[in-house]
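In: Fold the following for me, if possible:
(one chain, ligands or ions: 1)
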Amino acid sequence: MKVIKTSDNTFTLYNKEFNECYHSLGDGAYTETLYKHILPPIELTNLFYKSHLRILDICFGLGYNSFTTISQYLKRRYKGKLEIFSPEKDGKIFEKLALLEYPAEIENIDIFKIINELQTTKKSFPTPQISLEIFFGDAREYLDTFRTNSIDIIYQDPFSLKKNPELWDAKYFAKLFEIATDESIVTTYCTHSAVKRTAKEAGFFVYEHQSGFTRKSTLLTKKPLDKLNFIEYN
Ligand SMILES: C[S@@+](CC[C@H](N)C(=O)[O-])C[C@H]1O[C@@H](n2cnc3c(N)ncnc32)[C@H](O)[C@@H]1O
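Out: Next up is the predicted model:
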């Protein structure tokens with residue numbers, strides 16, 4: 001397993017099985033995580049003011065999305081209950097995490113303790129108000145365990161369409177649409193037009209997002225977003 005330094009000096013890994021890196025080398029692992037996934041729901045929706053948030057992080061990978069979420073919600077003093085759910089099919093993922101040095105920006109959380117708890121009980125409670133659950137198995141199987149309209153934020157972050165097609169097809173997006181709440185937002189690095197079309201056909205509003213710090217990404221919502229710097233994809 002090869003550790004790679006990305007453009008913002010944070011680290012990611014190269015996955016041999018999928019022949020792909022876990023993060024964008026050009027955007028930087030942490031920068032991509034923060035600007036494409038964690039910040040859009042906080043800055044572009046009112047979800048941060050909900051008293052209870054349920055986030056689906058697809059998939060756990062190196063844990064950047066889950067850890068950065070916990071780090072940011074704590075720094076921003078989120079007042080409610082935060083539940084993060086994350087599937088991962090790689091049973092050896094913890095061996096990979098051990099190779100990594102995590103970014104200084106998330107040093108406000110005890111990553112070592114969280115990983116230890118996930119390893120022993122598949123669930124971690126970084127604070128009494130925050131929980132993180134990892135599900136070992138196929139993400140599609142995990143999605144079937146969620147009720148309709150029960151997830152507020154979805155980080156759609158599998159490997160690429162080419163390498164991970166089962167997590168980008170019509171059936172899969174229909175399931176995301178079903179479990180997402182009406183006010184929900186889905187974030188993804190993917191800007192592929194075929195994926196945007198599939199998401200739109202599932203019922204989502206599809207937006208091109210430009211954070212200013214990364215390459216473009218895509219946001220999906222069930223209700224139109226009223227922010228001006230978005231171009232709705234048609
Ligand atoms: C791009 S990485 C995720 C990066 C992660 N979000 C992070 O922040 O570090 C994709 C992950 O999806 C996992 N994966 C691929 N197909 C899957 C499936 N069908 N079910 C569950 N996990 C899957 C891979 O093992 C890999 O860890």
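
In: per-residue confidence at Ile231?
Out: We have a pLDDT of 70 for Ile231.

In: can I assume it is in contact with Phe205?
Out: No - between Ile231 and Phe205 there is no contact, the gap being 11.6 Å when judged by CB atoms under 8 Å. All C-beta spots, glycine's among them, are computed from the backbone N, C-alpha and C.

In: who's more crowded, the two?
Out: Phe205 (17 against 12; other CB atoms under 10 Å).

In: tell me the contacts of the nearest residue to the more buried one once chain neighbours are set aside?
Out: Counting by CB to CB, 6 or more residues apart in numbering, the nearest residue to Phe205 once its immediate chain neighbours are dropped is Thr221, at 4.8 Å. Residues counted as contacts of Thr221 (CB atoms under 8 Å, 6 or more residues apart in numbering) are Thr45, Ser184, Ile185, Val186, Phe204, Phe205, Tyr207.

In: restrict these to those near the ligand?
Out: Filtering the contacts of Thr221 for proximity to the ligand by CB under 6 Å from any ligand atom leaves nothing.

In: what's the spacing between the residue nearest to Gln129 when sequence neighbours are not counted and Pro103?
Out: Nearest residue to Gln129, sequence neighbours excluded (CB to CB, 6+ apart): Lys81, at 5.3 Å. For Lys81, the distance to Pro103 equals 26 Å [CB to CB, to the nearest Å].

In: Those two: who's more crowded?
Out: Between Lys81 and Pro103, counting by other CB under 10 Å, Pro103 is the more crowded of the two (21 against 14).

In: residues from the chain in reach of the ligand?
Out: For the chain, the residues in contact with the ligand (CB under 6 Å from any ligand atom) are 22, 33, 59, 61-65, 87-90, 138-139, 157-159, 164, 166-167.

In: Out of these, name the ones that lie in strands.
Out: Pro87, Glu88 (DSSP state E).

In: Which of the residues of the chain next to the ligand are buried? Put it as a ChimeraX command.
Out: Selection of the buried residues among the residues of the chain next to the ligand in ChimeraX, burial being defined by 16 or more other CB atoms under 10 Å:
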select :22,33,59,61,62,63,64,65,87,88,89,139,157,158,159,167
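
In: residues contacting Asp138?
Out: Residues in contact with Asp138 (CB under 8 Å, 6+ apart) are Pro87, Lys89.

In: redo that, cut-off 7 Å
Out: For Asp138, the contact set (CB atoms under 7 Å, 6 or more residues apart in numbering) comprises Lys89.

In: how close does it sit to Glu166?
Out: For Asp138, the distance to Glu166 (CB to CB) stands at 8 Å.

In: which residues does the residue positioned nearest the centre of the chain bridge with?
Out: Nearest to the mean C-alpha position of the chain, by CA atoms, centre = their mean, lies Tyr155 at 2.8 Å. Beta-bridge partners recorded for Tyr155 (DSSP bridges): Asp57, Thr187.

In: And Leu219, by the same measure?
Out: Thr187, Tyr207.

In: neighbours of Glu107, just the number please.
Out: So Glu107, with other CB under 10 Å, has 10 neighbours.

In: which residues touch the closest residue to Asp182 other than its chain neighbours?
Out: Closest residue to Asp182 apart from its sequence neighbours, by CB to CB, 6+ apart: Lys222 at 5.3 Å. Counting by CB under 7 Å, 6+ apart, Lys222 makes contact with Ala180, Asp182, Ser184, Phe204.

In: Narrow those to those that are buried.
Out: With neighbours counted by 16+ other CB under 10 Å, the contacts of Lys222 contain buried members at Ala180, Ser184, Phe204.

In: For the last one, give me its contacts.
Out: In other words, Phe204. Phe177, Val186, Leu220, Thr221, Lys222.

In: I'm done for today, thanks for sticking with me.
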